[in-house]
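**Q** fold the stuff below for me.
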Amino acid sequence: MKRVLMLLAAVMLLVVGTASAEEAKPILDSGKLKVAYDNGVNVSEEITIANAEAIQKGALLHTVSKIDGGQAENLVFESNGQELQYERKEGKSVDKVTVSLPDGIKGNFTYKISYKNPNAEAEKIPFVIPAVNSAGNGNVVSLTVNLPEGKYLHESFPIIDSGDTGTLKEHMMNIPSYVGLETGSSPAGLFTRSNLYTFLGLAVILGIIAAWLISERKSKAGEAVNV
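**A** As a prediction, this is how the structure comes out:
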């Protein structure tokens, strides 16, 4: 009887282990995005993929948007100092880039992507995005922008709240298709587009609270009259 129970337990463990292996999917564990200005725009990404063994056929698909003035050309993929080969298919608005990964990767796999745009005036800078989502339970992607001396941030997408000049940082859940940066030679004024959106949001919230307070006051006044 004990042997039968042990056999059943072993079979159950095997089934559970197989199901878990089948359910495992590659996940964006972290992403470190950097944009720096030096005779153009230098873009670098350090990506870590969890459950890398679940990547199908050892090839990871990426997408990169085509943006006027901000083309991502001459891409370089590397891991542990070794350059990774890739194939790029041109599209009308989005290119697909398939990267060949090293054999036998397991667990967390980290690689880097880099390119340089010679246009230092580019306001929209695309990122190369792996076709893998984050777990959605935290801001695992960091964005660092190093503005040149004498340049100030006026508007941005995604919105960067850390400052308006020098080294700017922001955190988010996934990698955006691009970062939009509008800069100037003087600090931005109070009435920027992002600030106006913030003021509008606060006005809506305050309006809802005020309407609720008025409704409550009228309700209480009606109860007092009925009494």
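
**Q** check contacts around the residue nearest to the spatial centre of the chain.
**A** Of all residues in the chain, the one closest to the mean position by Cα atoms, centre = their mean is residue 175, 1.9 Å from it. Residue 175 sits next to 28, 31, 33, 45, 127, 129, 130, 141 when contact means Cβ atoms under 8 Å, 6 or more residues apart in numbering. (Each C-beta comes from the backbone N, C-alpha and C, glycine too.)

**Q** make TSV from those and add secondary structure and pLDDT to it.
**A** As requested, those are exported to TSV (DSSP: H, G, I helix; E, B strand; the rest coil; pLDDT from 0 to 100):
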residue	secondary structure	pLDDT
28	strand	98
31	strand	98
33	strand	98
45	strand	98
127	coil	98
129	strand	98
130	strand	98
141	strand	98
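
**Q** can you tell me which of those residues is nearest residue 147?
**A** Nearest to residue 147, judged by Cβ to Cβ, of those is residue 33 at 14.9 Å.

**Q** that closest one and residue 169, how far apart?
**A** 10 Å (Cβ to Cβ, to the nearest Å).

**Q** more crowded one of these two?
**A** A direct count of neighbours by other Cβ atoms under 10 Å for residue 33 and residue 169 places residue 33 higher, at 23 against 12.

**Q** I'd say the more buried one and residue 125 touch.
**A** No. At 9.7 Å, residue 33 and residue 125 do not qualify as touching, with contact defined as Cβ atoms under 8 Å.

**Q** now do the shared contacts for these two.
**A** 43, 179.

**Q** can you map out the strands along this structure?
**A** 27-37, 41-50, 59-65, 76-79, 82-84, 86-89, 94-100, 109-117, 124-126, 129-130, 141-146, 152-157, 167-172, 178-184 (DSSP state E).

**Q** using TSV, lay out those together with distance to residue 204.
**A** Below are those laid out as TSV (distance: least, Cβ to Cβ, whole Å):
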stretch	distance to residue 204
strand 27-37	31
strand 41-50	36
strand 59-65	31
strand 76-79	44
strand 82-84	47
strand 86-89	44
strand 94-100	34
strand 109-117	38
strand 124-126	29
strand 129-130	32
strand 141-146	27
strand 152-157	21
strand 167-172	23
strand 178-184	24
